[in-house]
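Undergrad: Below is the sequence, then the predicted model.
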Amino acid sequence: MSSDLPVLVFYDERTLQHSPEISHPFLPGRLQRRVKRIIEELDYKWDYPEHPGRLSAIKAKLDDDPIPRVVLRTGERATRTQLARVHTSRYLDSIFDLRGKMAWLDEDTTAISPKSVEAASVAAGTAIAAVEAVVRGEAAGAFALVRPPGHHAEPTRARGFCLFNNVAVACTHAQAKLGCRRVLVVDWDAHHGNGTQEIFWADPSVLFFDVHRAAPFYPGSGDLDETGAGLGAGYTVNVPLPAGTGDQALVRAFEEILVPAADAFRPDLVLVSAGFDWHRNDLGGNVTENGFAMLTAIVRRIARQHCAGRLAFVLEGGYDLDSLSDGVHAVLRTLAGQEPSPIVECGVPEVEAAIEFHQDAFTDDPDGDGDD
């Protein structure tokens with residue numbers, strides 16, 4: 001793939017219209033009352049974590065610190081046909097009936113505001129636009145900056161802030177319309193991509209690889225022995241990890257599990273569900289910006305080896321605004337050609353500097369001249 005191609009970032013302000021506010025009165029019903037009771041029992045003020053400021057922070061970072069070769073494009077709205085490759089007609093009917101309304105969709109705090117269905121449709125369509133750009137050879141890589149996120153959304157259910165499964169919609173579009181027979185979906189969000197796993201559970205044309213914080217961390221799925229079923233047996237690869245997981249563990253999981261799996265699978269397209277809540281300033285683990293850059297370099301190498309560099313990212317989670325925007329920036333710098341630094345365990349450079357500073361402090365020769 002030509003190094004002169006741009007890295008395309010898809011950003012559409014329509015996705016900012018999804019803005020649930022827990023102070024607003026939602027549609028009456030048992031679920032609304034149940035969620036309200038849960039929130040009232042919390043010991044601290046709870047605000048909806050998946051808010052428009054997440055994308056605004058990323059956009060501000062790109063505006064303040066532009067990356068050469070990174071070009072912004074607007075997104076598109078997904079059609080019902082595109083969504084229906086992943087979600088049932090009954091589910092789509094129920095979601096589209098909620099246009100213009102506020103409602104709780106699941107007691108795990110999934111809620112919508114009047115423009116949320118429009119935003120979710122644009123999020124899924126923008127993921128498709130990113131895939132089309134890389135498959136058609138228009139970009140050296142693409143990143144769909146979208147919300148609401150998607151990897152928890154199941155065929156018949158909204159979950160975990162997710163309405164439509166954006167990466168699954170993009171994957172099935174690539175297979176149906178762009179000639180991609182085998183698709184590798186890599187999910188590095190700290191939360192397990194339960195929805196994506198369910199959608200492709202019995203599908204041997206999709207290899208789903210997920211590194212996530214182990215249960216009971218939300219949503220509690222993604223054990224090692226969850227490997228698919230039927231024709232899809234063996235095509236789901238889960239790597240559940242503990243809370244303190246950092247750069248070295250994730251990189252090793254990618255190099256020693258993902259890379260050989262990809263070599264055996266030989267994908268026509270690589271998609272990444274990119275969440276940034278593994279970051280040490282967020283809630284998932286102890287990953288740094290350079291760790292995300294290293295993961296990007298690995299999936300880029302896989303894409304170059306197997307599918308002419310066809311690589312697209314779709315934003316998932318990440319709720320600390322600084323680490324989210326810095327993490328996305330690190331991914332884009334890597335896609336644009338900047339090589340990540342070697343992985344170093346947190347604190348080691350500082351300890352080495354301290355050793356050098358103090359190494360002569362406690363010798364028997366205070367003058368340092370070697371005389372007895």
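TA: Cool, got the structure.

Undergrad: Can you tell me how far residue 355 is from residue 88?
TA: Going from residue 355 to residue 88 by C-beta to C-beta, to the nearest Å gives 61 Å. In this view, the C-beta of every residue, glycine as well, is placed from N, C-alpha and C.

Undergrad: between those two, which one's more packed in?
TA: residue 88 (13 against 9; other C-beta atoms under 10 Å).

Undergrad: Pretty sure the more buried one sits against residue 156.
TA: Yes - at 5.3 Å, residue 88 and residue 156 qualify as touching, with contact defined as C-beta atoms under 8 Å.

Undergrad: moving C-terminal of the helix or strand encompassing residue 313, what's the next helix or strand?
TA: Here residue 313 sits within strand 311-315, counting by DSSP states H and E. Next helix or strand after strand 311-315 toward the C-terminus (DSSP H and E): helix 321-335.

Undergrad: could you pull out the strands for the stretch 251-372 of the chain?
TA: Under the criterion DSSP state E, counting those that start in this stretch, strands of the stretch 251-372 of the chain are mapped to 269-274, 311-315.

Undergrad: would you turn those strands into a markdown table with mean pLDDT?
TA: Shown next, in a markdown table, are these (pLDDT from 0 to 100):
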| stretch | mean pLDDT |
| --- | --- |
| strand 269-274 | 98 |
| strand 311-315 | 98 |
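
Undergrad: In a markdown table: those strands, plus mean neighbour count and distance to residue 305.
TA: Listed next are the strands of the stretch 251-372 of the chain as a markdown table, based on neighbours: other C-beta atoms under 10 Å; distance: least, C-beta to C-beta, whole Å:
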| stretch | mean neighbour count | distance to residue 305 |
| --- | --- | --- |
| strand 269-274 | 28 | 10 |
| strand 311-315 | 31 | 11 |
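
Undergrad: Quick check: phi and psi on the nearest residue to residue 267 once chain neighbours are set aside?
TA: Closest residue in space to residue 267, ignoring its immediate chain neighbours: residue 184 at 3.8 Å, by C-beta to C-beta, 6 or more residues apart in numbering. With angles defined as degrees, to the nearest 10, residue 184 sits at phi -100, psi 120.

Undergrad: In contact with residue 184: list those residues for me.
TA: 206-207, 209, 262, 265, 267, 269-271, 302 (C-beta atoms under 8 Å, 6 or more residues apart in numbering).

Undergrad: and of these, the nearest to residue 222?
TA: Sorting the contacts of residue 184 by how near they are to residue 222, with C-beta to C-beta, puts residue 209 at the top with 11.1 Å.

Undergrad: I'd assumed residue 260 was in contact with the closest one.
TA: No - with contact defined as C-beta under 8 Å, residue 209 does not reach residue 260; the gap is 11.1 Å.

Undergrad: that's a helix at residue 240, yeah?
TA: No - under DSSP: H, G, I helix; E, B strand; the rest coil, residue 240 sits outside any helix and is assigned strand.

Undergrad: who's in contact with it?
TA: 192, 212-215, 222-224.

Undergrad: Then residue 176?
TA: Contacts of residue 176 (C-beta under 8 Å, 6+ apart): residue 85.

Undergrad: per-residue confidence for residue 254?
TA: In this model, residue 254 is scored at 97, pLDDT.

Undergrad: my read: it touches residue 295, true?
TA: Yes - counting by C-beta under 8 Å, residue 254 does reach residue 295; the two are 5.9 Å apart.

Undergrad: more crowded one of those two?
TA: Remark: of residue 254 and residue 295, residue 295 carries more neighbours, 27 against 23, as counted by other C-beta under 10 Å.

Undergrad: Was I right to think the more buried one contacts residue 189?
TA: No - in this structure, residue 295 is not within contact of residue 189 by C-beta under 8 Å, at 11.6 Å.

Undergrad: is it fair to say residue 195 lies in a helix?
TA: Yes - checked against three-state DSSP, residue 195 lies within a helix.

Undergrad: Just the pLDDT for it.
TA: Value for residue 195, per-residue pLDDT: 98.

Undergrad: Relative to residue 95, how far out is it?
TA: From residue 195 to residue 95 the distance is 14 Å (C-beta to C-beta).

Undergrad: Neighbour count: those two, which is higher?
TA: residue 195 (28 against 22).

Undergrad: where does the stretch 1-150 of the chain dip in pLDDT?
TA: 1-3, 22-48, 107-109 (pLDDT under 70).

Undergrad: If the spatially most central residue of the chain is in a bridge, with which residues?
TA: Centroid check for the chain by C-alpha atoms, centre = their mean gives residue 274 as the closest residue, at 2.1 Å. When assigned by DSSP bridges, residue 274 has beta-bridge partners residue 315.
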